[in-house]
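**Q** with the input below, show me the fold.
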Amino acid sequence: MQQKTHQIRVSTHGRQLYDITPQLLSWLASCALQTGLITLYIQHTSASLLINENYDHDVLVDLEAFFNRLVPDGDPLFTHTVEGADDMPAHVRTALTQTHLSIPLLQGSAALGQWQGVFLYEHRHEPSQRNILVHVIGE
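**A** Prediction:
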């Protein structure tokens, strides 16, 4: 068994989903491992990770519309507003989604379905630098 690690850095420019599948697949191709387990972990409390459809962009638009309805900015329910009206909603969105993903490694690549992609979901409106740690264990 071998282990390898990597960091994917993403410059976000506001609230939306960012497809990080190409960066992940490119790094995996350089690892020379064929079978194992990939773990991704985002080091932030106001962004998350998702596996979802990466074929039709409308899916991403609809997901954001849903979260806007579910967790609106500026909701008077929230008292934690130190960094603005999107501060606490960003934390709630992170709590409702995922901070880590596990994906099988098969034949040297992530075993994603035909229409699946891996996304960083930025929950803040301001630009940010996001770090995703990638760990693969396998042979």
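
**Q** surely residue 111 and residue 102 touch.
**A** No - Residue 111 sits out of contact with residue 102 when judged by CB atoms under 8 Å, with a separation of 10.7 Å. To be clear about C-beta, it is placed using only N, CA and C from the backbone, and glycine gets the same treatment.

**Q** among those two, which residue is more densely surrounded?
**A** The residue with more neighbours, out of residue 111 and residue 102, is residue 111; 13 against 10, by other CB atoms under 10 Å.

**Q** hey, C-alpha coordinates of stretch 72-84 in PDB?
**A** The C-alpha trace of stretch 72-84 is given here as PDB (Å, rounded to 0.1, in the frame of the first residue of the first chain):
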ATOM      1  CA  PRO A  72     -31.600  33.200   2.800                       C
ATOM      2  CA  ASP A  73     -29.000  35.800   3.500                       C
ATOM      3  CA  GLY A  74     -29.900  38.300   6.200                       C
ATOM      4  CA  ASP A  75     -32.400  36.100   7.900                       C
ATOM      5  CA  PRO A  76     -33.300  37.800  11.300                       C
ATOM      6  CA  LEU A  77     -33.000  34.300  12.900                       C
ATOM      7  CA  PHE A  78     -29.300  34.600  12.900                       C
ATOM      8  CA  THR A  79     -27.200  36.600  15.400                       C
ATOM      9  CA  HIS A  80     -23.800  35.600  14.000                       C
ATOM     10  CA  THR A  81     -23.300  38.400  11.400                       C
ATOM     11  CA  VAL A  82     -19.700  39.400  12.100                       C
ATOM     12  CA  GLU A  83     -18.700  39.200   8.400                       C
ATOM     13  CA  GLY A  84     -22.000  40.200   6.900                       C
END
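
**Q** begin at 38 from now on, thanks
**A** Okay, residue one is now 38; in that scheme the one you just asked about reads as stretch 109-121.

**Q** buried residues of it, list them for me.
**A** For stretch 109-121, the neighbour count (16 or more other CB atoms under 10 Å) marks 110, 115 as buried.
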